[in-house]
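[1] sequence first, then the predicted structure:
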Amino acid sequence: MGQGSSTKWGPLESLVKMDEPVSIQDSEFWENIIPQTLLPAEKIFAPATQAGIRSIKAKCPKNLATLVRRSVLKLQAATQSSLQYKPAQIQVINTVRLLTKVMPNMFEDPAWDGFWWTHTPLGVITTVPGEKAMLPVTPTTQAQPPLAYTLLDSLVHLLFVPNFTVASSTLAAISAFNCVADLPGEPFVWSNGLGPRTEQGAPTAAVATARNDVLRLLLVCCSHVMYEPAATANPADDGWLRYLTSGAHPKSSAMYYTLVNTLLTYDSVGWGLPFGSWFPDVEHQQTVEACGDLIALLIDFEAAPDPLAVDAAAVQPTEEAVEGAVEGETAAPAAAAAPVSVSGSVNAFTLWLASISSDKEFGAMIKGMTDLLTFPLTSSKKLPGVEHVVLIMLWRMIDRNERFLAFLLKGGDVLNLMVPALFYMHRYRDDNGQIGLVHICVYILLILSGKRNFAVRLNKAYDPAIRIPVPSFDGTHGDLLILVVHAILVTKNPLLAPLYECLHTVIVNVSPYLKTVSLVGANKLVHLFETFSSPRYLFAAENNHRLIFFLIETFNNLIQYQFEGNQHLVYVIIRRRKIFTRLMGIASSPYAELGDTATAAPPQVVFDPATMVPPRRGPQSETNSIIRSSLALNDSTEHFSVSPTSANALGGVEGADDAAELSSFAPTREWLETWRSKLDLEPIQRLLHVLVPQVEKLCADKGVTDEADILEFLRNGTLVGLLPVPHRILIRKHQSVPFCTVWYASFVMGVIYLRYMDPPVWHGTTVRLFRVKSH
């Protein structure tokens, strides 16, 4: 190929036939690569096949580099114009779509990583249709930014262009400015909500399409981690996200308000007309989804120090912002026209999220989150699939904004958000592709459970507006929490094992404040204790005993702090007392002979650890235990078997025949004694010692056979002065570990990967962060 060779094919054919070197001076060829007429994305994507782009990379990498550089410079030149002429807008959209197709193929090849961090070329002349003159990138004495920064700068500018990505019917708003790059961002925020109020009309189809194209390319820019192996991936080193979250761009705050407001102000109800769901606004739904995906990536990015260091002239961190970042304090809310400037190692989006302090804005956020989480569960209307984004935002808000958490707990709206979170936990507990969503919901509950106000609000009666397929019960939100946690813990999915301690921690944190637990909830709690204290689970791994400490503490909290209203739990403990005596190695009914258990020596466990590990058995199905009218029944059958492998041994194991075989742990008497002496079973022992004889006497003397009579007897009873002094209430909190960063990136990127399949953006490229199954 040489001069004039571009006349052999049309623009798109030129792209896929660059199998011979093309001179970078062949302006006619490179200018004609980008179509001059607006084509659907699939038309641009179809000729640029994965095989064709890989062939260009292998045979003529300089052609690909020149194409990408000129495309980036074309976008930069567009931001130096008014961009109010249709041909110029068409050229920008086609350029954005071309880069969206090409960049994932470059990211998959590590040899191209350094390309994006070379300086933006100077002296290259490119044209913008409709402008009076050519717009060259003139040489300057200052060092040019990396090509990646130039691309990101241009894309953020393109988010706020009247009559292109902003609905506007007049040029008056930009008449005082020479070009797009000089326009302020805040007056053109897409939706009202947080931040400054703007007057924007409803976006046209063309505006929505342009928005989606620019947002999609921004997502591509942030997807480099998708091509790093999970074992070595370090999302904190992502230079694209580091720059985008640094606050260096003058329109960073406008982008923040735009993304958050567009997501949270989505009208899920609409006009409410019959058959309205048959005519969804697809383009706007795609905009909402793209905004959600992008904000999910930005608010959770925790940057490592930038080796390139953003230009000091572009980023001047304020002294207050730096001090706040060092001391862990949130900075004051930034004015709309003067966003907080931060260094490249601080996430401005996180600071802005943490600095929200207005009750009005808190109320708007909570309403938006509640609508987006609950409406899809109560309506057949097709809505944007953004529940994971909303839950991520809720997680980060309650974790990083104490004022928001206090407002959420004070107003009582927390239960409206908890119920859909429980729904998604229950729905996706068996879906390995959505385990990340279960993790996020558990982390939300873990943070909330550390607050007394949340635990107290769980005593509110549960009205099942959202149907969660758990056993029917008549109780409180606390019962619902117990039933969903039980359902997750008994699910035979090894990927849930890392959540075992978190789920137990949630229950034990709220237990001192649950005034009553229903009969169904009490059965599930004792059922968990039966399972996790069974020899099959207890002796299978070194740390498996930790879970029974949580459960015993839960029982002790309910007995010692809320005995008066928890007759159902007391009843079930009495009925199933054998599982507690099994743990201590006590015979089935020794209470009449023990005397005062407060002074009696602890019973001795008599067993041979080598013979207590049960033989391998096939999977067992869960059978719900039924409360019968006779206390004589002491059914200690294991209704199901939880995989006995610890969380560490379970990492990445899927479809193993029997996890017990994966563990080489052999229990010893010394190991047993290290934790057995720490079990605090005294409250349960005293309860059984006092109440079992009384209940047995009631049944024998009065011929009581109805459990309702026994429950009434227990309701009117008391253990005042008989139980030991309650221990201090302990609250455990979640603390992230470095691996959480990789897990989070893998989950969010997996959701993004699957969302953009028509036309495919990442599909067909060599993704390494997670495994892609083809059906």
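    Everything's here; your move.

[2] next helix or strand past the worst-scoring helix or strand of the chain on mean pLDDT?
    Least confident helix or strand of the chain, by mean pLDDT, DSSP states H and E, is helix 319-327 with a mean of 30. Following helix 319-327 in sequence order, the next helix or strand is helix 348-354 (DSSP states H and E).

[3] from the chain's centre, how far out does that following helix sit?
    Remark: helix 348-354 is offset 17 Å from the chain centroid, using Cα atoms, centre = their mean, to the nearest Å.

[4] buried ones in it?
    Of all the residues in helix 348-354, those buried under the rule 16 or more other Cβ atoms under 10 Å are Ala348, Phe349, Thr350, Leu351, Trp352, Leu353, Ala354. Every residue, glycine included, has its C-beta placed from N, CA and C.

[5] quick check on the residue most central in space within the chain: phi, psi?
    Centroid-nearest residue in the chain: Ile392, 4.1 Å away (criterion: Cα atoms, centre = their mean). Here is the backbone geometry of Ile392 (degrees, to the nearest 10): phi -60, psi -40.

[6] numbering from 794 from now on, please.
    That works, and once the first residue is 794, the last one we named lands at Ile1185.

[7] what number of residues lie near Leu1208?
    Leu1208 has 14 neighbouring residues, counting by other Cβ atoms under 10 Å.

[8] before we move on, what about Thr1511?
    Other residues close to Thr1511 by other Cβ under 10 Å number 11.

[9] picking that back up, quick one, what contacts the residue nearest to the centre of the chain?
    Ala1089, Ile1092, Asp1093, Ile1233, Val1541 (Cβ atoms under 8 Å, 6 or more residues apart in numbering).

[10] inside helices: which ones of the residues you listed?
    Counted as lying in helices by DSSP state H, out of the contacts of Ile1185, are Ala1089, Ile1092, Ile1233, Val1541.

[11] tell me which of those residues is nearest to Asp975?
    Ile1092 (28.3 Å; Cβ to Cβ).

[12] spit out the contact partners of the closest one.
    Applying Cβ under 8 Å, 6+ apart, the residues contacting Ile1092 are Asn1140, Phe1142, Thr1143, Leu1146, Ile1185, Met1186, Arg1189.

[13] OK, contacts around the second one?
    Read it as Phe1142. Counting by Cβ under 8 Å, 6+ apart, Phe1142 has contacts Thr1038, Ser1045, Tyr1049, Ile1088, Leu1091, Ile1092, Phe1094.

[14] the last one and Asp1192, how far apart?
    To Asp1192, Phe1094 is 15 Å away according to Cβ to Cβ, to the nearest Å.

[15] more neighbours: which of those two?
    Neighbours per residue, other Cβ under 10 Å: of Phe1094 and Asp1192, the larger number sits with Phe1094, 22 against 17.

[16] element containing the residue lying closest to the more buried one once chain neighbours are set aside, please.
    Nearest residue to Phe1094, sequence neighbours excluded (Cβ to Cβ, 6 or more residues apart in numbering): Leu1034, at 4.6 Å. In the assignment (DSSP H and E), Leu1034 maps to helix 1032-1037.

[17] which strands and helices sit next to that helix?
    Applying 3 or more Cβ pairs under 8 Å, 6 or more residues apart in numbering; DSSP states H and E, one finds that helix 1032-1037 contacts helix 940-951, helix 998-1014, helix 1075-1092.

[18] how much space is there between the residue nearest to Ala1141 when sequence neighbours are not counted and Ile1233?
    Counting by Cβ to Cβ, 6+ apart, Gly1040 is the residue found nearest to Ala1141 once chain neighbours are left out, at 3.2 Å. Remark: distance between Gly1040 and Ile1233 (Cβ to Cβ) = 26 Å.

[19] and the next helix or strand past the host helix or strand of Tyr1293?
    Assigned by DSSP H and E, Tyr1293 belongs to helix 1293-1303. Counting by DSSP H and E, the element after helix 1293-1303 in chain order, helix or strand, is helix 1312-1325.

[20] which of the contacts of Phe1142 sits closest to Phe822?
    Of all the contacts of Phe1142, Phe822 sits closest to Ser1045, with 36.6 Å by Cβ to Cβ.

[21] check the gap between Ser1457 and His1338 for me.
    Taking Cβ to Cβ, one finds Ser1457 at 17 Å from His1338.

[22] these two: which is more packed in?
    Set side by side, Ser1457 and His1338 show more neighbours around His1338, with 21 against 7, by other Cβ under 10 Å.

[23] wait, the more buried one sits on Ser1327?
    No - assessed by Cβ atoms under 8 Å, His1338 is found out of contact with Ser1327, at 11.7 Å.

[24] how many residues are close by the closest residue to Leu1344 other than its chain neighbours?
    Once flanking residues are discounted, Leu1344 sits nearest to Phe1322: 4.6 Å by Cβ to Cβ, 6+ apart. Using other Cβ under 10 Å, Phe1322 is surrounded by 23 other residues.

[25] likewise Arg1260?
    Counted with other Cβ under 10 Å, residues neighbouring Arg1260 total 9.

[26] what would the ones in helices among the contacts of Ile1185 look like in a markdown table with pLDDT?
    Output for the ones in helices among the contacts of Ile1185, formatted as a markdown table (pLDDT from 0 to 100):
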| residue | pLDDT |
| --- | --- |
| Ala1089 | 93 |
| Ile1092 | 91 |
| Ile1233 | 93 |
| Val1541 | 90 |
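
[27] report the two of the residues you listed separated the most.
    Within the ones in helices among the contacts of Ile1185, Ile1092 and Ile1233 form the most distant pair, 12.9 Å apart (Cβ to Cβ).

[28] still on that earlier bit, output the helix holding Leu1034 as CSV, nothing but the C-alphas.
    Taking C-alpha atoms only, helix 1032-1037 is exported to CSV below (Å, rounded to 0.1, in the frame of the first residue of the first chain):
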residue,chain,number,x,y,z
GLY,A,1032,-3.4,4.0,35.2
TRP,A,1033,-6.7,4.6,33.3
LEU,A,1034,-8.8,4.5,36.5
ARG,A,1035,-6.2,6.3,38.5
TYR,A,1036,-6.3,9.3,36.1
LEU,A,1037,-10.1,9.2,35.7
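
[29] count the residues that sit near Gln1487.
    13.

[30] repeat that for Val1183.
    Around Val1183 there are 23 residues (other Cβ under 10 Å).

[31] next one: the strand or helix carrying it to chain centre, how far?
    Element membership for Val1183 (DSSP H and E) is helix 1180-1193. Remark: helix 1180-1193 is offset 7 Å from the chain centroid, using Cα atoms, centre = their mean.

[32] hey, what's the angle from that helix to helix 1075-1092? Just curious.
    Angle of helix 1180-1193 versus helix 1075-1092, following axes from the mean of the first three to the mean of the last three Cα atoms, to 10 degrees, is 30 degrees.

[33] okay, buried residues for the next helix-or-strand element following helix 1180-1193 please.
    Per DSSP H and E, the first helix or strand lying C-terminal to helix 1180-1193 is helix 1195-1204. For helix 1195-1204, a neighbour-count test (16+ other Cβ under 10 Å) marks Arg1196, Phe1197, Leu1198, Phe1200, Leu1201, Leu1202 as buried.
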